[in-house]
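[1] this one's structure only:
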């Protein structure tokens, strides 16, 4: 088996040489290098099958010119190859086993993405919950979003709050709006967390599905530090938790009780995703939040609260319904953690705070 792997890697290196000398289209580069990463990461000879498919796809793509995105704003695999460049980062995993891209600094062409998405006149929605003492984080969140979040695009901010009068009204860029969505207060932060999926789902059904094409659901106690652009758009987008991107799966804090609807058995799971960032096409977010809300209700009926509330249900959902794109920890960092060498740029991070004080 090892000999097969060695020959396979050598074969891929030869293909890389052909790409570098111009004998294979640059569009084939992504396919070949994605598969090379998978082979090295998993040391699995069965990836040869994936190679055949990807290389055939690459040559097919090279034969037909790119004519722009669909009017819906979705990106096909063929089109995405022109934006995603996994070969630029060899120090991190840039593609999942199911071939979804993992977005890191240096893996995408920001100018090309912008030129493709901007003519679509998209409106992107953002939901964030400012309940109880969390209203203190709204202004900093919005001010930083206006500096870095999809600049030049139309954005609707939906702030869910039990105190609408406490929400500041900052000056927004043209084409952007701020809407407060009243929600009841709850006695504990765990209950607030568990209710989020339900509230987002109902809001999409009643309002945002007719107003936005994409919807991101973000935590309010976070700040944008660097550009967050259209590289983040996808059918269903998850973010790799900053605390578990470089640890073995055995250490992921999945829900391990088989009685819970969020249960993930030992030996299963792909990544540990953070609940502070997820998004995608608005109809996909609707389906996702509906399913998570249903599993939360199932646990509640059995007197169970999952280990990490909605985040546990989010991880269980993404185990069986793979996200189409993953955001690296650059997009969900924690300011309490030192920045490792893999993180070239922090785009969005949790602010330092006294958790006990703000949650009481």
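    Everything's here; your move. Note that this is a predicted model, so its numbers are computed, not measured. Numbers count the residues shown, from 1 in each chain.
[2] Let me know the average pLDDT across the strand or helix carrying residue 292.
    Here residue 292, judged by DSSP states H and E, is contained in helix 282-301. Averaging pLDDT along helix 282-301 yields 96.
[3] Give me the most central residue, the protein.
    Most central in the chain under Cα atoms, centre = their mean is residue 238, positioned 3.0 Å from the mean C-alpha point.
[4] Specify the beta-bridge partners of it.
    Residue 238 forms beta bridges with residue 278, residue 326, as assigned by DSSP bridges.
[5] Is it correct that it is in contact with residue 326?
    Yes. If you go by Cβ atoms under 8 Å, residue 238 and residue 326 touch, sitting 5.6 Å apart. From N, CA and C alone the C-beta is placed, and that goes for glycine too.
[6] shared neighbours, those two?
    The contact sets of residue 238 and residue 326 overlap at residue 271 (Cβ atoms under 8 Å, 6 or more residues apart in numbering).
[7] quick one, what contacts residue 127?
    By Cβ under 8 Å, 6+ apart, the contact set of residue 127 is 158, 160, 200, 203, 208, 215-218.
[8] Of those - the most surrounded one?
    Within these, neighbour counts (other Cβ atoms under 10 Å) peak at residue 215, which reaches 28 neighbours.
[9] Name the strands paired with the host helix or strand of that one and say parallel or antiparallel.
    Element membership for residue 215, per DSSP H and E: strand 214-218. In the sheet, strand 214-218 lines up against strand 123-130 (parallel), strand 273-281 (antiparallel) (DSSP bridges).
[10] Same list (these) but as TSV, adding distance to residue 145.
    Formatted as TSV, the strands paired with strand 214-218 follow (distance: least, Cβ to Cβ, whole Å):
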stretch	distance to residue 145
strand 123-130	7
strand 273-281	13
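[11] mind checking the SS state of residue 356?
    helix (DSSP: H, G, I helix; E, B strand; the rest coil).
[12] Tell me how many other residues surround it.
    Around residue 356 sit 7 other residues, with neighbours defined as other Cβ under 10 Å.
[13] in the stretch 151-300 of the chain, which spans are strands?
    Secondary structure of the stretch 151-300 of the chain by DSSP state E, counting those that start in this stretch: the strands cover 154-161, 176-182, 214-218, 222-224, 236-240, 273-281.
[14] Rebuild those strands as CSV, extending it with distance to residue 109.
    Formatted as CSV, the strands of the stretch 151-300 of the chain follow (distance: least, Cβ to Cβ, whole Å):
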stretch, distance to residue 109
strand 154-161, 22
strand 176-182, 25
strand 214-218, 20
strand 222-224, 21
strand 236-240, 18
strand 273-281, 21
